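Participant: How does the following fold in three dimensions:
(one chain, ligands or ions: 2)
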Amino acid sequence: MIIIMKPNASKESIERIKEDIVEKGLTIHESYGEQYCIIGLVGDTSKIDASQIEANEEVEKIIKVQEPYKKANRLFHPLNSIIQVGNETIGGDKIAVMAGPCSVESEEQIIQLAKDVKKSGAGFLRGGAFKPRTSPYSFQGMGLDGLGLLKKAREATGLPIVTEIMSPYLVEKFVEDVDVIQVGARNMQNFDLLKELGKTKTPILLKRGLSATFEEFLMSAEYIMSEGNENVILCERGIRTFETYTRNTLDLSAVPVLKKLSHLPVVIDPSHAGGLWWLVESLAKAAVAVGADGLMIEVHNNPAKALSDGAQSLKPEKFDSLMKNLSVIAGAVGRSI
Ligand code: PEP
Ligand code: MN
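Facilitator: Ligands and ions are numbered 1, 2, ... in the order given. I've put the predicted structure just below:
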């Protein structure tokens, strides 16, 4: 349920309404614009008498929110959320580009790639230290050593780092070291992990699960937000379909649909979606055209020798030309990159 106050509603009246709601055991999510004040109710609204609240002259109207996600719902927050990470933003006019290798492999590799992607215009360095691999015999990532190397790459370039967390036991460490914590597709419904991340303030890049519906995806965002962390970025990375030629099927409709349902920024990962390096440019262009707020792209200095996801990784030169080509499309849709 949301209460929309009249533009001239007094502070006292707003406070009184809020007190009544909190007394009934619900929590409040407030959203203010220049011309509006919205009070969102989170919790069991069955004890709330809507007609009684509506009797208040300073209340414009009450809307019952049908969807199970509340804090992630656009009704609770009509304006787009813009997430600040250092000097960079995600969700504003500038398209956020997160680029780097699938896995951190060595100091030399990550520092060189960080310099390369920065030079091409990326605003964030991505790189996995803890890798969720399908096979236990595949490279599992460098773990804490990899995290240390990402920090060195950040020091060398100033780029904020984005890296995946798999265990709730590492949340404290990640909060200390990482600028944007990634929750991978396979952990989208690891609810204990989501709850722990919700107790932090660090921006969370939440990837869509392999077969998750939009509602399931937004409910996972809600797990993080309901604990208090509203800095959530949604990432579409392809879903499982009957097609096997591509690694996954990029669901481009995710951008307009999620932006209609939610105020959270939406990023597209064309690398994991297609699984093929030569598909990345076409999919990235489509993502920008459809209104994505950001891109996550895998870049590797030597894809043929990469320890993970070489087949979908761009060489730095290719990434550089992609960034130039994307800026034309970004301009056409009123954005910059
Ligand atoms: C990754 O970003 O390297 C990754 C493992 O992604 P996903 O969770 O989308 O498969
Ligand atoms: Mn990868």
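Participant: Identify the residues contacting the closest residue to residue 102 other than its chain neighbours.
Facilitator: Of all residues beyond its chain neighbours, the one nearest residue 102 is residue 309 (3.7 Å), with distances taken as Cβ to Cβ, 6 or more residues apart in numbering. For the C-beta atoms, the positions are set from N, CA and C on the backbone; glycine is no exception. Counting by Cβ atoms under 8 Å, 6 or more residues apart in numbering, residue 309 touches 102-103, 271-272, 298.
Participant: same deal with residue 167?
Facilitator: 130, 193.
Participant: Do me a favour and get the backbone dihedrals for it.
Facilitator: phi -120, psi 140 (degrees, to the nearest 10).
Participant: Distance check, it against residue 135.
Facilitator: According to Cβ to Cβ, to the nearest Å, residue 167 stands 19 Å off from residue 135.
Participant: got it, and residue 8?
Facilitator: 63 Å.
Participant: and if you look at residue 115?
Facilitator: 32 Å.
Participant: Spit out the contact partners of residue 212.
Facilitator: With Cβ under 8 Å, 6+ apart, residue 212 has these contacts: 188-189, 220, 239.
Participant: should've said residue 182
Facilitator: 126, 162-165, 204-205, 207, 235.
Participant: residues near the residue in the stretch 1-150 of the chain that ligand 2 sits nearest to, how many?
Facilitator: In the stretch 1-150 of the chain, the residue that lies nearest ligand 2 is residue 102 (3.2 Å; Cβ to the ion). By other Cβ atoms under 10 Å, the residues close to residue 102 number 24.
Participant: Wait, it touches residue 311, no?
Facilitator: No. Using Cβ atoms under 8 Å, residue 102 is not in contact with residue 311, being 10.2 Å away.
Participant: sorry, back to before: and residue 115 and residue 135? which has more neighbours close in?
Facilitator: The neighbour count for residue 115 versus residue 135, taken as other Cβ under 10 Å, is higher for residue 115 (16 against 7).
Participant: Spell out which parts of the stretch 51-200 of the chain neighbour ligand 2.
Facilitator: residue 102 (Cβ under 5 Å from the ion).
Participant: can we see that at 8 Å?
Facilitator: 102-103, 128, 131 (Cβ under 8 Å from the ion).
Participant: Give the closest residue to the residue of the stretch 201-337 of the chain found nearest ligand 1 in space, chain neighbours not counted.
Facilitator: When distances are taken as Cβ to the nearest ligand atom, the stretch 201-337 of the chain reaches nearest to ligand 1 at residue 237, 3.8 Å away. Spatial nearest neighbour of residue 237, chain neighbours left out: residue 269 (3.9 Å); criterion: Cβ to Cβ, 6+ apart.
Participant: residue contacts, that neighbour?
Facilitator: 207, 235-238, 295-297.
Participant: May I ask which of those has the most neighbours?
Facilitator: When neighbours are counted by other Cβ under 10 Å, residue 236 leads the contacts of residue 269 with 29 neighbours.
Participant: Tell me how far that one lies from residue 322.
Facilitator: Distance from residue 236 to residue 322, by Cβ to Cβ: 18 Å.
Participant: One more: residue 38?
Facilitator: Distance from residue 38 to residue 322, by Cβ to Cβ: 40 Å.
Participant: Please give the number of neighbouring residues around residue 177.
Facilitator: Under the criterion other Cβ under 10 Å, the count of neighbours that residue 177 has is 19.
Participant: now do residue 27
Facilitator: 14.
Participant: So for stretch 143-153, what gets flagged as buried?
Facilitator: 146-147, 149-150, 153 (16 or more other Cβ atoms under 10 Å).
Participant: With stretch 264-280 instead?
Facilitator: For stretch 264-280, by 16+ other Cβ under 10 Å, it's 264-275, 277, 279-280.
Participant: Next: stretch 250-257.
Facilitator: 250-252, 254-255.
Participant: Now find how far off-centre that stretch is within its chain.
Facilitator: Relative to its parent chain, stretch 250-257 has a centroid offset of 14 Å by Cα atoms, centre = their mean, to the nearest Å.
Participant: Then stretch 143-150?
Facilitator: On Cα atoms, centre = their mean, the centre of stretch 143-150 falls 22 Å from that of its chain.
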